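Engineer: Provided below are the primary sequence and the corresponding predicted coordinates.
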Amino acid sequence: MYIPAKNLKTKKVSFYLEQLFKINVIQKHLIKSYMPKVKLFDQEEVLRRARNLFWKKGYNATSMQDLVDHLGINRGSIYDTFGGKRSLYLQAIKNYILEVSRKVNKDITDSNGALEKLEAILGYSKSSALDKGMTEYGCLLVNSALEIGPVDEEVNQLILKDHENFRQIIKTILEEGQQAGEFKKSFDSLSMATFIHNSLIGIRVGQRSKEPMEYFERISSEILLLVRA
């Protein structure tokens, strides 16, 4: 079959243009696949807001739609960034632990001597009794331990690890005070640290039931009487 040279040239051009178009489409797809997705929101701020929502409502009472409405981002962004409701909850707990640890560590670092450090820890617990979040919603870790801890081992381990870390901080302060002569040497540092830590948990529960400030003052005073030399 005879094909005029002009038509043959036109077909070749069309073929090459079609191939170039396909290559261009493939390149765009590859570039899009390997380019990092740009987040149009502040992840830390979203995490903080999610933490506060879980803190207020609890895990079970917080639905995915509640998160979408409260955080202002869609479900896809929540799953893509945080991995879903449970993963977001775990990250919220870690965020809470980190924030409290930073505050307590700063108070300890700014103190001179073991007695001041222990007073700083007790002072933080008392001052948090006036915090709106604590008085209205209680301690997020205590709430989580009661609601989710018995049925979710990962959440339970997060809480137990935080408790152990806090006990060790108190134990170290007590031993420092014993060596410096600020605290009595008659008590076992680990046993006393455990007692003090449990008392602080009691303060957190008391915050939720809106105990008066005198309640927290009495606990703090008795602890200092027990340890002070």
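Structural biologist: Alright, I've got the coordinates.

Engineer: Not including adjacent chain positions, what is the nearest residue to Ile219?
Structural biologist: The shortest distance from Ile219 to any non-neighbouring residue, by CB to CB, 6 or more residues apart in numbering, is to Ser199 (5.6 Å). Every C-beta, even on glycine, is put in place using the N, C-alpha and C of the backbone.

Engineer: What is the burial count for the one you found?
Structural biologist: By the criterion of other CB atoms under 10 Å, Ser199 has 16 neighbours.

Engineer: quick one: it from Gly83, how far?
Structural biologist: For Ser199, the distance to Gly83 equals 36 Å [CB to CB, to the nearest Å].

Engineer: what do you get for Gln168?
Structural biologist: Distance, Gln168 to Gly83, using CB to CB: 30 Å.

Engineer: now do His70
Structural biologist: Where Gly83 is concerned, His70 sits at a distance of 18 Å (CB to CB).

Engineer: who's more crowded, those two?
Structural biologist: Using other CB under 10 Å, the more surrounded residue of His70 and Gly83 is His70, with 16 against 12.

Engineer: which residues sit in contact with that one?
Structural biologist: Arg49, Ala50, Leu53 (CB atoms under 8 Å, 6 or more residues apart in numbering).

Engineer: In terms of distance to Leu160, which of those ranks first?
Structural biologist: Nearest to Leu160 among the contacts of His70 is Ala50, at 22.7 Å by CB to CB.

Engineer: Spatially central residue for the chain, please.
Structural biologist: Nearest residue to the geometric centre of the chain (CA atoms, centre = their mean): Asn95, 1.7 Å.

Engineer: From what I see, that residue and Val46 are in contact.
Structural biologist: No. Look at Asn95 against Val46 with CB atoms under 8 Å: they stay out of range, at 10.8 Å.

Engineer: before we move on, back to that, ok, the residue nearest to Ile219 touching Ile223?
Structural biologist: Yes. Ser199 lies in contact with Ile223 (CB under 8 Å); the separation is 6.2 Å.

Engineer: any idea of the pLDDT on the residue nearest to Phe187 when sequence neighbours are not counted?
Structural biologist: With CB to CB, 6+ apart as the criterion, Phe187 has its nearest non-adjacent residue at 7.0 Å, and that residue is Val227. pLDDT, Val227: 95.
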